[in-house]
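K.L.:
need a structure here:
(2 chains)
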Amino acid sequence: MSAPTAGVAATGGRVAAGAPGEPVPLVDLLDRVLARGVVVSGEITLTVAEVDLVHISLRTLLSSVRPDLFPAADPDQAGGAD
Amino acid sequence: MPDPDATWVYAVVPAAPLVPLSTTAGVAGEPVRVLSHAGISAVVGSISAAQAEPAALRRELADPDWLAQAARSHHRVVTTCTRSAPTVPFRLATIYHDDQRVTGMLAARHRELVAALATVTRRAEWGVQAFATRPDQAAGDAPEPAGDPGRRGTAYLERRRAERAAADAWRRSAVAAAEQLHCRLGGLAAASVGPTATGRPAADHTGRQVLDAAYLVDDQRRDEFTDAVRELSQRYPALRLRLTGPWPAYSFVELAPEPAE
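P.N.:
Next comes the predicted model:
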């Protein structure tokens, strides 16, 4: 299939994944849009270092106050992961 | 009078075929447009210049609700592009003063952007994370041995040492398994990053994550790749795997550092 959709692939076996069509988990999304993607200097963008800092501090914040956003952090405890 | 708007860049796509973006709204709810130069196009939207000021942007990025909404909007535009054209996604919050400077960027980085478009054509990114499964914890639940207190203390220390050694061995085997798995999956991909994504801090605060990799996979090998992940999850019981995707190729569009101005 040549049309990528942004979802989490569900597979069998012991692969933990969400169901197809589920919204992309925020933590996975932030890992990509904040930490990856083309970086060319805009003129009024924050520096790359600043955006990285946002990414790291946000991860720390979210993982402590919103563990539900972190399905990856502990798959042993994620509901229906298997 | 200065332009009251600034230009947010979502992605670069080939100029033709044009991406149907008319129904897609950007991070500020704005209509998304296309700016073209020499056969490539930037997918952009206008946001208010005040919002684009570094101080305002810093404040907004620090607001988890704003950030979540912006990340989802940015990603939605990028994903819409991938449905109809090869897409080079830009990092969140890449903003220019005006449209003209964006076309200037398309001109200045033309060769690299064309190469990046070729890299992502008919391919998608897949994320694979691996976590070490828990070691057998039965040892920790063993009843206290009977006997005199001195003996008990020694037994306790010995037991703790054995537990630590077992945990170390278990973790080493999980890391080794993750390396083998990464090697195998890398063989099915056009490119890969990992075993931990480009040296960034581990996503996992429990220390059990042993793989955080991304693979750029030809669309025609998609089933082969996802089948391999499933098969590998059975072959390596020390690992629990998590597969995400298909993603726009966020992890495979690094451009060379810009020439000094």
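
K.L.:
any low-confidence regions in chain A?
P.N.:
Confidence mapping of chain A against pLDDT under 70 gives the ranges A:1-22, A:42-82.

K.L.:
what's the helix or strand for residue B:166?
P.N.:
Here residue B:166 sits within helix B:149-188, counting by DSSP states H and E.

K.L.:
Neighbouring strands - and their directions - for whichever helix or strand comes after that helix?
P.N.:
Per DSSP H and E, helix B:149-188 leads on to strand B:191-193 as the next helix or strand towards the C-terminus. Sheet pairing of strand B:191-193 (DSSP bridges) gives strand B:209-218 (antiparallel).

K.L.:
moving C-terminal of the partner strand, what's the next helix or strand?
P.N.:
For strand B:209-218, the following helix or strand on the C-terminal side (DSSP H and E) is helix B:222-235.

K.L.:
so what does that next one touch, helix or strand wise?
P.N.:
Judged by 3 or more Cβ pairs under 8 Å, 6 or more residues apart in numbering or on different chains; DSSP states H and E, the packing partners of helix B:222-235 are strand A:15-16, strand B:123-132, helix B:149-188, strand B:239-247. Where you see a C-beta, it was placed from the backbone N, CA and C, and this is true even at glycine.

K.L.:
at 7 Å what do you get?
P.N.:
Packing partners of helix B:222-235 (3 or more Cβ pairs under 7 Å, 6 or more residues apart in numbering or on different chains; DSSP states H and E): strand A:15-16, helix B:149-188, strand B:239-247.

K.L.:
I'd like to know which of those is closest to residue B:255.
P.N.:
For residue B:255, the closest of those is strand B:239-247, at 18.5 Å, according to Cβ to Cβ.

K.L.:
How far does the closest one sit from its chain's centre?
P.N.:
Distance, stretch centre to chain centre, for strand B:239-247: 11 Å (Cα atoms, centre = their mean, to the nearest Å).

K.L.:
Over to stretch B:115-129?
P.N.:
Distance of stretch B:115-129 from the chain centroid (Cα atoms, centre = their mean) equals 12 Å.

K.L.:
do stretch B:79-91 as well
P.N.:
The answer for stretch B:79-91 is 15 Å, by Cα atoms, centre = their mean.

K.L.:
what's the answer for stretch B:215-225, then?
P.N.:
Counting by Cα atoms, centre = their mean, stretch B:215-225 is centred 17 Å from the centre of its parent chain.

K.L.:
Then stretch B:223-243?
P.N.:
Centroid separation for stretch B:223-243 versus its chain: 19 Å, with Cα atoms, centre = their mean.

K.L.:
Then stretch B:171-188?
P.N.:
Taking Cα atoms, centre = their mean, one finds the center of stretch B:171-188 at 19 Å from the center of the full chain.

K.L.:
Please determine whether that stretch lies in contact with chain A.
P.N.:
No: Stretch B:171-188 stays clear of chain A (Cβ under 7 Å from any Cβ of the partner chain), getting no nearer than 11.7 Å.

K.L.:
And residue B:230, what's its pLDDT?
P.N.:
With respect to pLDDT, residue B:230 scores 94.

K.L.:
What is the burial count for it?
P.N.:
16 (other Cβ atoms under 10 Å in any protein chain shown).

K.L.:
Residue B:108 versus that one, what's the distance?
P.N.:
According to Cβ to Cβ, to the nearest Å, residue B:230 stands 44 Å off from residue B:108.

K.L.:
Spatially nearest residue to residue B:218, not counting backbone neighbours?
P.N.:
Closest residue to residue B:218 apart from its sequence neighbours, by Cβ to Cβ, 6 or more residues apart in numbering or on different chains: residue B:123 at 5.5 Å.

K.L.:
actually residue B:70, not the one I wrote
P.N.:
Distances taken as Cβ to Cβ, 6+ apart place residue B:27 nearest to residue B:70, at 4.7 Å, with adjacent residues excluded.

K.L.:
That neighbour should be in a helix, yeah?
P.N.:
No: per DSSP: H, G, I helix; E, B strand; the rest coil, residue B:27 lies outside any helix segment and is coil.

K.L.:
Output stretch B:67-80 as PDB, nothing but the C-alphas.
P.N.:
The C-alpha trace of stretch B:67-80 is given here as PDB (Å, rounded to 0.1, in the frame of the first residue of the first chain):
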ATOM      1  CA  LEU B  67       1.900  21.800  22.000                       C
ATOM      2  CA  ALA B  68      -0.300  18.700  21.700                       C
ATOM      3  CA  GLN B  69      -2.700  20.600  19.500                       C
ATOM      4  CA  ALA B  70       0.100  22.100  17.300                       C
ATOM      5  CA  ALA B  71       1.800  18.700  17.100                       C
ATOM      6  CA  ARG B  72      -1.400  17.000  15.900                       C
ATOM      7  CA  SER B  73      -2.200  19.800  13.400                       C
ATOM      8  CA  HIS B  74       1.400  19.800  12.000                       C
ATOM      9  CA  HIS B  75       1.300  16.100  11.700                       C
ATOM     10  CA  ARG B  76      -2.100  16.000  10.100                       C
ATOM     11  CA  VAL B  77      -0.900  18.400   7.300                       C
ATOM     12  CA  VAL B  78       2.200  16.300   6.800                       C
ATOM     13  CA  THR B  79       0.200  13.100   6.700                       C
ATOM     14  CA  THR B  80      -2.200  14.500   4.200                       C
END
